[in-house]
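My questions are about this predicted structure, shown below with the sequence.
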Amino acid sequence: AALEQTRMIFEPQYSSGGGRWSVVMSADEVPGYVMRAQKMRIEAESALTDIAIELPRARKILDRILKEYQDLERSLTERRGVGSENAVRVRGTTDGSSLLIFEAFTPHAGWNVAYEMRLDSVSGAINAVMNAIAWQRTGMGFDGVFSFHTRAPLQSVTDPQVMPYTVGLRRSPSARQRSYQEGVMADSAEGWRMAGAFESAPKAVPAPQAISTLTDVSVIGSGRIDGDSAPVRIKLGEFSLESTPELIAIPDLSNEAWVVAGIDVIPESFLPGEAELSVDGAASGKAYIQQTAAKARVTFGMSPRILSKKTPFIPESGSSWTGSGSFRDGYTLEVTNGMDIEREVTVLDRAPVSIVDSVSVSVEVMDPRAERDDMGRLTWKIKLAPGETKKIAVRYTIKYPGGETLEYGSGY
């Protein structure tokens, strides 16, 4: 455009004759003409230089725009439902003001339950919001009231617990030596992962509306779900729960304590699903919540302020062997409250349990005393002042036939 404009400026001052350009002017006009011509030549050269510089840039911009267009077109194609180019024409008639309902079924839609659960670790109060994370890929958007149907998933979540610690005799002993293999304890932290930051507390909404039948449970919610496969969060309701909060320390599993809430009464509309968890206003983790009758036990995460450690028992003589067929063992637990308020901590560990008549276990030291079940699992309830550390000592002797080898495990 700049070059065309330059050409038009020159054109009125020129006329062609005999195949050559000639200019009609007087002698006095020649100097001015030459200066104007030089100026125009400089401007034309400058315009050409600018064009030479801007053209590659313009081509890059054009290539980027074309690529973005192709990416958007590809994304749209991927998000279209199977057979989205097809259409079905339906006709129907009604008498008077009767309601006419059209039903269509598609496999290209789904949803999951998602909770937001906020625990007050002192009072045990839990504020819970039930959401539906829904998506559909029909290519059409729908908004209004939805009925979300579900069945109980096959997934489950385990609580922190101590497995039995058994001791027996190896069937084919090779030498009189101790074969000590620590039993593997079930790690209740499996499946636990840190969550991202929580959004601000949602506005109060009514409790979830659930409809139960013999084979199905459905929950009512309203919103909009676009047909491009993008997940949408729809609030289904809000409810409050009362729980018994508990700090559980299992030194064999972690030096940090678990934050667990035991919920005795949960609403009928509660469905199994994943929950984003927070404790005292801070994000703590995610967990899959599995309904068990009318009760639930939720692990909200771990506390780096309640710490514990386990130290194996080492006798003064330097050896645990007290003679043929007799062995002494044990440990010391230390639990520390790093918070600025008093907290009660449930400490879990174990003592060996014999699974054969020829092996006996005698617990000689347990300070302080613990609750002990028939599988040797030990439970202490310890109150700790701010910054306080308390110790627990356990010592036991195992007696067995001479010449045999002890073997340890986590079950029968």
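Ah, there it is. Quick caveat, the model's predicted, so the values are computed rather than measured. Numbers count the residues shown, from 1 in each chain.

Now do the helices in this protein.
Assigned by DSSP state H, the helices in the chain fall at 2-10, 30-79.

Select from these the stretch with the lowest mean pLDDT.
Among those, helix 2-10 carries the lowest mean pLDDT, at a mean of 46.

Please, where are all the strands along the stretch 101-250 of the chain?
For the stretch 101-250 of the chain, strands defined by DSSP state E, counting those that start in this stretch occupy the ranges 109-119, 125-136, 142-150, 166-169, 209-212, 217-225, 232-249.

what does the fifth one rub up against?
This points to strand 209-212. 147, 217-220, 236-237, 268-269, 271 (Cβ atoms under 8 Å, 6 or more residues apart in numbering). C-beta coordinates here come from the backbone N, C-alpha and C atoms, glycine included.

Could you dump those into CSV with distance to residue 47 and neighbour count added?
Output for the contacts of strand 209-212, formatted as CSV (distance: Cβ to Cβ, whole Å; neighbours: other Cβ atoms under 10 Å):
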residue, distance to residue 47, neighbour count
147, 67, 10
217, 74, 17
218, 71, 16
219, 68, 22
220, 68, 16
236, 65, 26
237, 68, 19
268, 78, 9
269, 73, 19
271, 70, 22
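
Could you find which two of the residues you listed are furthest from each other?
The two members of those with the most space between them (Cβ to Cβ) are 147 and 268, at 16.5 Å.

For residue 127, give the beta-bridge partners.
Partner residues in beta bridges with residue 127, using DSSP bridges, are residue 118, residue 240.

just to revisit the earlier point, make JSON lines from the helices of the chain and add distance to residue 331 to it.
Converted to JSON lines, those look like this (distance: least, Cβ to Cβ, whole Å):
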{"stretch": "helix 2-10", "distance to residue 331": "88"}
{"stretch": "helix 30-79", "distance to residue 331": "58"}
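
Nearest to residue 246, out of these?
Closest to residue 246 of the helices of the chain is helix 30-79 (Cβ to Cβ; 45.9 Å).

Which elements pack onto that closest one?
Helices and strands touching helix 30-79, by 3 or more Cβ pairs under 8 Å, 6 or more residues apart in numbering; DSSP states H and E, are helix 2-10.

List the contacts of residue 135.
So residue 135 contacts 109-111, 225, 229-232 (Cβ under 8 Å, 6+ apart).

May I see those residues organised as CSV, with pLDDT, neighbour count and distance to residue 38 added?
Output for those, formatted as CSV (pLDDT from 0 to 100; neighbours: other Cβ atoms under 10 Å; distance: Cβ to Cβ, whole Å):
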residue, pLDDT, neighbour count, distance to residue 38
109, 85, 16, 74
110, 86, 12, 75
111, 89, 21, 76
225, 89, 22, 70
229, 82, 17, 65
230, 87, 11, 63
231, 91, 14, 68
232, 91, 15, 68
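
tell me which of those residues is nearest to residue 162?
Nearest to residue 162 among the contacts of residue 135: residue 111, at 37.5 Å, using Cβ to Cβ.

wait, the closest one sits on residue 132?
Yes - the criterion here is Cβ atoms under 8 Å, and residue 111 meets it with residue 132 at 5.0 Å.

Which residues are in contact with each of those two?
Both residue 111 and residue 132 are contacted by residue 148, under the criterion Cβ under 8 Å, 6+ apart.

hmm, back to that, out of the strands of the stretch 101-250 of the chain, which gets nearest to residue 356?
When the strands of the stretch 101-250 of the chain are compared by Cβ to Cβ, strand 166-169 sits nearest residue 356, at 4.8 Å.

Direction included, what does that closest one pair up with?
According to DSSP bridges, strand 166-169 has the following sheet partners: strand 353-354 (parallel), strand 406-409 (antiparallel).

and the ones you listed as CSV, adding mean neighbour count and mean pLDDT?
Supplementary listing: those in CSV, determined by neighbours: other Cβ atoms under 10 Å; pLDDT from 0 to 100:
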stretch, mean neighbour count, mean pLDDT
strand 353-354, 18, 90
strand 406-409, 18, 77
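
can I get these in TSV with distance to residue 303?
Shown next, in TSV, are these (distance: least, Cβ to Cβ, whole Å):
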stretch	distance to residue 303
strand 353-354	30
strand 406-409	30
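
what about the strands in the stretch 301-412 of the chain?
For the stretch 301-412 of the chain, the strands defined by DSSP E, counting those that start in this stretch cover 321-323, 326-337, 343-350, 353-354, 360-367, 371-372, 377-384, 389-399, 406-409.

most tightly surrounded among the ones you listed?
Ranked by mean neighbour count, the strands of the stretch 301-412 of the chain are led by strand 343-350 with a mean of 20 (mean count of other Cβ atoms under 10 Å).

which residues are contacting that one?
Contact with strand 343-350 is made by 160-165, 246-252, 257, 306, 308, 310, 331, 333, 335, 337, 375-384, 392, 394, as judged by Cβ under 8 Å, 6+ apart.

mind running it again at 6 Å?
162, 165, 246-250, 306, 335, 337, 376-384 (Cβ atoms under 6 Å, 6 or more residues apart in numbering).

How about residue 332: what's its closest non-neighbour residue?
Spatial nearest neighbour of residue 332, excluding adjacent residues (Cβ to Cβ, 6 or more residues apart in numbering): residue 311 at 4.7 Å.

Distance of the one you found relative to residue 362?
The gap separating residue 311 from residue 362 is 21 Å, by Cβ to Cβ, to the nearest Å.
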